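> From the sequence below, what's the structure:
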Amino acid sequence: MIGTVITGSSFYHLISYVLEDKRELSEDQKMEMSLRDGVQHKDRAEILAFNNCFGDKYEMAEQFRDVARLSKRVEKPAFHLSIRLAEGDHLTKDQLIELGEALVKEFNVADHQYLMVFHKDTREQHFHIVVNRVGLDGKAASDSNSYRRMAAFCRKQEQKLGLTQVLSPKAFLSKDQQLIPRQDQRKMKLKDHIRNTLRDVNDYPAFEKAMRALGYTVIKGRGISFIDGKKVKIKGSDVGFSLSKIEKILSLKKELANKQLEQKNIESLSRRQSGKNIHYTDNDRLQYPTSSPLTLAIQNLANFIEWLLQPEMTGNFIPYELTQEAFDRKRRRKKKGPSL
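This next block holds a predicted model:
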């Protein structure tokens, strides 16, 4: 599971976000995307639990603000906690509530105002918790080491609930754990889609059309990038398929198709000259006659294309904000204080 922690100042906007559908989607888009993705974009929110609050978004926001005013020193009283399960993991509604209650206890806000909401618009189960950092006694919960605490909580709950084990952000791992290769599932999926599409098409327009049908927006310039359904942009070169490589594969496939057509024409002429009705399968063409320069050229082209279709990742990619360098820079900035 993946957990996130965000500290903010607006209860109203946060409560609105967790309780409502995505504002940028029209009713028709919600219907279309729900059918396409197999999830629920319309009426996506379901309240799982709440504490010391009630009413609609306006009333709850006002209640949260009233309590936050008990502390004059807290500038960002809105705590946004969220948990997303790994693909393939599933918990019952009661288990999700227990997980959320364990989370607010972990952050020492179990007796504070909070609203726990489950979202149904993704295949992976996920929920959000809006929490008031300021308690009814006027004391504020600490937000220090939030990411580290969240990562530790997730690893503990994965073991307890028998869920998929996920590596914590690298900054929070031991030196030995940092050496473990990390796979980006989004990139692995894109890499497979590009490879399979290149096997099925012979020119660039057909390639781009097939990738759009898979839900990607394709951006072609000096290089090539793909934006998936989550609006995440990935360069083709980051998954081993640069624009030059894609164009090279398609060019070779066109050359291979021409040579295979030439071979079929030769076979057809040979049958007419011999008067025999001989049918060659693709397997026959790869094996007979093996001494033919054309057959050898086809074999070499097919082997080369297949080799090109086996990309290597350009490295164990980790978002910069989760690296040790980013973690150290953030810690140094906190020590220095705000710049004038």
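> Now do the strands in the protein.
Along the chain, counting by DSSP state E, strands occupy 2-8, 45-51, 78-84, 114-119, 126-132, 217-220, 224-227, 233-235.
> Format these as JSON lines; extra columns: mean pLDDT, distance to Val201 and mean neighbour count.
Any C-beta I mention is one placed from the backbone N, CA and C, and that applies to glycine too. What follows is these, written out as JSON lines (pLDDT from 0 to 100; distance: least, C-beta to C-beta, whole Å; neighbours: other C-beta atoms under 10 Å):
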{"stretch": "strand 2-8", "mean pLDDT": "92", "distance to Val201": "35", "mean neighbour count": "16"}
{"stretch": "strand 45-51", "mean pLDDT": "95", "distance to Val201": "40", "mean neighbour count": "16"}
{"stretch": "strand 78-84", "mean pLDDT": "95", "distance to Val201": "34", "mean neighbour count": "21"}
{"stretch": "strand 114-119", "mean pLDDT": "96", "distance to Val201": "36", "mean neighbour count": "22"}
{"stretch": "strand 126-132", "mean pLDDT": "97", "distance to Val201": "35", "mean neighbour count": "25"}
{"stretch": "strand 217-220", "mean pLDDT": "93", "distance to Val201": "13", "mean neighbour count": "14"}
{"stretch": "strand 224-227", "mean pLDDT": "94", "distance to Val201": "15", "mean neighbour count": "20"}
{"stretch": "strand 233-235", "mean pLDDT": "89", "distance to Val201": "20", "mean neighbour count": "15"}
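> Assess the claim that Leu136 and Asn52 are in contact.
Yes. Taking contacts as C-beta atoms under 8 Å, Leu136 lies within contact range of Asn52: 7.0 Å.
> Among these two, which residue is more densely surrounded?
Taking neighbours as other C-beta atoms under 10 Å, Leu136 and Asn52 compare with Asn52 leading, 15 against 12.
> Now the more buried one: closest residue in space, sequence neighbours ignored.
Spatial nearest neighbour of Asn52, excluding adjacent residues (C-beta to C-beta, 6 or more residues apart in numbering): Gln113 at 4.5 Å.
> That neighbour reaches Val131, doesn't it?
Yes. Using C-beta under 8 Å, Gln113 is in contact with Val131, at 7.2 Å.
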